[in-house]
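1. Sequence first, predicted coordinates after that:
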Amino acid sequence: MSLALTLRLAVRNLARALRRTLITGAAIAGGLTMMIASSNLQEGSYKAMIDAGVSEQAGHVVVEAPGFRAAADPRLAVADSAGVAAALAAVAPPGSTVLRRAMVPGLVQSPRGSSVVVLAGVEPSKEAAVTGWEQRVVAGAFLQDGDQRGILLGEPLAAQLAVGLGDKVVLMAQGDADIESRMFRVVGLVRTGADDLDAALAMSSVDAAMELVGRPGAATQVSLHLPHPDATPSAHAAAAAALAGRELSVLPWPEALPELLQFTERDRQSSVLMFSVLTVIVAMGVLNTVLMGVMERIREIGVMRALGALPGLVFQMVLWEAILLGGVASAAGYALGMLLSWPFVVYGVDYSALIGDSMEVGGVHISAVVYPIFDWVGGARFAAMTWGLTVLAAVWPARLAARARPVEAMRPV
Amino acid sequence: MSAALPRRGLWLALLLAALAAPAAGPAAPVAAAAPAPGRPTVAELLNATDDLARGASSHGTLRMSVTNRTGTRTMAMEVWTRGTDESLVVIQEPAKDKGVATLKVGDNIWNYLPKVDRTVKVPASMMGGSWMGSHLTNDDLVKSSRMADDFTAALVEEPTAAGQGRWVIALTPKPEAAVVWGKVVVEIRADRQPERILYYDEGTAGQPGRLVRSLVFSEVRTQGGRTFPARMSVIPADAPAEKTELVYEQMQFDIPLPDSTFSLQSLRR
Amino acid sequence: MLFAIAWRNLGRHARRSFITALAMAVGVALCMGSIALSDGIFQQVAHVMVDQALGHVQVHHPDWPTRKRAEDTQPGAAALVAALEGRPGVVGVTGRLVTAVLVGGPSTSAGARVLGVDPRRESAVSGLDRLVASGAPLGAAPAREVLLGAELARSIGVGVGDEVVFVGQGASGSIANDLFRVVGLVRTGSTLADRSGAWVHLGDLQAFLELPDQVHEVLILGTDAGESAALRAAVGPAVPAGRLVRTWQEASPVTARLMALQDGGAVLMLGFVFSVAALGVLNTMLMSVFERTRELGVLRAIGMSPGRVMGLVLAEALLLGGLAAGLGLVLGGAVDAYLVHVGIDFSVGEGKGLSWSGIQMDPVIRGAVRWQGVALTLGAVLGVSLLAAVWPAWRAARLRPVDAMRQV
């Protein structure tokens, strides 16, 4: 018997038991919709976390002096940082940004107090374009390009020092031989939400920070920020080649931030596990309904067999019912899942009622509004898995149906 | 009237006396010569001990008493200084702390601790900490040698021709000086002895700067051939019941001191 | 009587009933497992963020939390700790002295934040012993031993077995200085602590700072972080007047918020799992009832009232749900047992676990079972079964027998 006939039988059977078809299909599609919507949200939060971590702590490609990472000594800096930045910019894809940064541990003094800080040096407008520092300013304004005397202080730090906007502070840090000082004026106060960090947070221009330790023109880190993380491997290779012979450490972000990658991978793995189990549950429901359907039609099947239909045909027919039902339901679930995600992709999911403005996971700050993303490929994988399990669930009932003996099947119930 | 400051001048010495107890010796302000005829300029006023500050050295004893919430404590120390860059302080009393020494060379400070026979360099992060439990910080000790570059002076008041009243000089930090103060006011008696030094913050939005601490000089005597205030008190404005007092005793000036005096190796003797 | 019929009906379609129940039972097991895992994670987060970092109740000099001045101490520390340990509900008490000192290595020195602790008591409350990455923990008696944060040790160029000099300020104003021997290096997972943290015996630090029998902080641990207010009431009588006694929520509102977030996030996740599982249950129940339309029609034809038909359907659903619950309990119990005893390995290399909000978790996460979670799940499956049966039951009640029997 031809495939066309088998298919027609399968379709007709599905149509005849419409309510059952629809209910089962709805169950499959419903489960898949929820899984896809939830997976989109999760992928969105991973992306936010990776973007935030990569942009704030490093870059997609990170250039530092060898040994800086281990010693955290700002005097181990990338000399001629402007030259390095230019070299990176030359090999970077369009839409990239190159940032020069400094990290200088020291002491901040005011007329009434002093406190240990880590002075972060940045290129203001470029930094604001890549990271969210501008949004963290709670008083005054963010740093301006060219301002070598402006400084931002964490809010609690400013309170402890009894200084406010416009006041003078003096920063001290260890230079090559002596302890060096430099005067700054407070132009803004920031709050990241992490009390520990805010109590020791100061930010100025990168050049001012490096002048303090006697390394003008240097930077403790030069980083390349790409428009798409996928370009990292090729950008890294190009950067390493462009900077070969300069005795610098050039790292791609998975090496610079291994914990971040591991966190997302682990979390993703456990989610996939959970989704699989959920799909199995749905599949078991499918098994049940297909089985019931077969049992209900056992007389009809008996008649078919009595008329000469081969067991193989019966098997295929039942299986095709599942294939078609599963296929359509999976496609519907995929579409609905993406559709359900759509408004949130645009407007985001706002967790701030629960957690305030931002939170810290895996060492990275992410905002409380999370935007799901359309994970087309991942969603397709879920849909395929659901479809496959649905068909698998139908195998046993199909075999039962195929092995039914016509005489027994036709016996009245 | 504003005046440019001499390179290393009296005012430097004045501030040394004010801000750096151990370095107060040789650079103590002094009416070395008779007042110049007519009204001295600020520069001359602050210049008067320029000769003294240049290459001067000193050796003597210092008694410091610190009064704070927990009570009053007194220490006796032996002090050597050379110029404004080098100074050595060794504690003699109380017996518990005898032998503890602080060496300052340029902008660096080391502490020697006899009980453990170790020398420790004070890192940047500890510069804000108090020196020997007093109201002076480690940073106060090093800042003095760079003050010259950091201020401009203006004469606010001067004594009458009859010698009544006093000089009041307002020192304003230069725009980019690494100085936390908004203003430092120096008051000098008609006989050229310093009387008070007042430290103000910058003030905010229209409000004038508030007093943060005062240095008060008293007990002008002659020691080692020089006349200067023997007692200096450091008084925090927010806690006027607290103070640190330094009294100079048995000072000798312009004595030859071997270089090894101010070396880490000799710290340990 | 109705249930007898219902039971027999289920038996007549034994295989179908069994598969339905099994499908639902797997859902139950999954939900039980998810709850156990989620509770396990929450417990671990709570353990690290609350128990170890804050204790459940804290006692301080009233000014200390805001100004953190060295002189704001609590005298009579030993007696206070002993008295607190005797209070009902107290699991552990530890007193600490906190100060900033200069720590000097052979050629470099750095500022450090030193905690003077009673090693045994401290480990019982905050697990200090477990954070020792190399070397050994502090000995039980004061012996001028010190644990240094790993980064601090590296920055001053010392390792286990080396001597460092501590320079600080004694209570009388004199320069406190002494030599300490590094017995171990600590990794807390918090960069700040690793770069500037040091731990010594409380007795040593009290002698160093000339603060005999004094502490700054007293941390009290009870049995349940959620019962901190009750614990505070219980320890009250042992605390001298004038001290500041706070629950951990009052001491760190940020942590309290984070714990609420953790809880909220877990509830969301469980809701999701329950929903999908419920969908599966709904599906199977619906189908199993709809398929029996003919049977039900026969019952109506022989005179069973609509009400009773409906009742029959619901009874079957309840029984089936109960069967599923029972099966699910067995399956779920096995899953929970595995999670509680073996757990799931989330390690990210170097034997470390994930870090979340600045805290380091254990690499292996174990489940925690509470009867409320189990009851919730079983209740849910019964509820969903009933719910699923309502529509078909109502339809069955309204059937015209003739139409029903005509169905094939």
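-> Structure received.

2. What pLDDT is listed against the residue of the stretch 1-150 of chain A found nearest chain C?
-> For the stretch 1-150 of chain A, the residue positioned closest to chain C under CB to the nearest CB is residue A:27, at a distance of 3.8 Å. Using the backbone N, CA and C atoms, a C-beta is placed for each residue, glycine as well. Confidence at residue A:27, expressed as pLDDT, is 84.

3. Break the chain into its domains for me.
-> Going with chain A. Following automatic domain parsing, chain A resolves into domains at A:3-53+A:261-410, A:59-253.

4. That was the other one, I meant chain C.
-> Each domain of chain C, as a residue range, per automatic domain parsing: C:2-50+C:257-406, C:56-248.

5. quick one: low-confidence parts of the chain?
-> No chain was given, so I picked chain A. Per-residue confidence of chain A (counting by pLDDT under 70) places the weak regions at A:1, A:193-194, A:351-368, A:409, A:411-413.

6. Please refer instead to chain B.
-> Along chain B, the model assigns pLDDT under 70 to residues B:1-55, B:144-148, B:268-269.

7. residues from it in reach of chain C?
-> Counting by CB under 8 Å from any CB of the partner chain, the residues of chain B lying close to chain C are B:66, B:68-70, B:73, B:94, B:96-97, B:100, B:111, B:113, B:115-116, B:118, B:120-123, B:125-126, B:129-130, B:132-133.

8. Which single residue of chain B ends up nearest chain C?
-> For chain B, CB to the nearest CB, closest residue to chain C: residue B:133, 3.4 Å.

9. Now do the SS call for that residue.
-> Here residue B:133 is coil, with the state taken from DSSP: H, G, I helix; E, B strand; the rest coil.

10. and it, what does it touch?
-> With contacts defined as CB atoms under 8 Å, 6 or more residues apart in numbering or on different chains, the neighbours of residue B:133 are B:66, B:73, C:169, C:173-175.

11. ok, now residue A:153?
-> Contact partners of residue A:153, counting by CB under 8 Å, 6+ apart, are A:108, A:161, A:163, A:169, A:186, A:189-190, A:201-202.

12. Leaving aside the residues adjacent along the chain, what's closest to the residue in chain A positioned nearest to chain B?
-> Evaluated by CB to the nearest CB, chain A has residue A:114 as its residue closest to chain B, separated by 2.8 Å. In this structure, residue A:114 finds its nearest non-sequential neighbour in residue B:128, 2.8 Å apart by CB to CB, 6 or more residues apart in numbering or on different chains.

13. re earlier: distance of the residue of chain A closest to chain B from residue B:149?
-> Spatial separation of residue A:114 from residue B:149 under the definition CB to CB, to the nearest Å is 22 Å.

14. cool, and residue A:199?
-> Residue A:199 is 32 Å from residue B:149, where distance means CB to CB.

15. Compare the two (neighbour count), which wins?
-> Set side by side, residue A:199 and residue B:149 show unequal neighbour counts under other CB atoms under 10 Å in any protein chain shown, the larger going to residue A:199 at 17 against 12.

16. For residue A:198, see how far away the residue nearest to that one when sequence neighbours are not counted is.
-> Among residues not flanking residue A:199 along the chain, residue A:156 sits closest, at 4.9 Å (CB to CB, 6+ apart). Look at residue A:156 and residue A:198: by CB to CB, they are 5 Å apart.

17. What residues does the stretch 1-150 of chain A have near chain B?
-> Taking CB under 8 Å from any CB as the test, the list of the stretch 1-150 of chain A residues beside chain B reads A:105-107, A:109-116, A:149.

18. Ramachandran coordinates for residue C:132?
-> The main-chain torsion angles of residue C:132 are listed as degrees, to the nearest 10 and equal phi -70, psi 110.

19. my read: it touches residue C:199, true?
-> No. Under the criterion of CB atoms under 8 Å, residue C:132 makes no contact with residue C:199, lying 9.4 Å away.

20. of those two, who's got more company?
-> residue C:199 (28 against 19).

21. ok, what's across the strand from the more buried one?
-> residue C:115, residue C:147 (DSSP bridges).

22. isn't it right up against residue C:147?
-> Yes. Under the criterion of CB under 8 Å, residue C:199 lies in contact with residue C:147, with a separation of 4.3 Å.

23. what touches both of those two?
-> Looking at what touches both residue C:199 and residue C:147 (by CB under 8 Å, 6+ apart), the common residues are C:128, C:138, C:186.

24. Fine, thanks again, bye for now.
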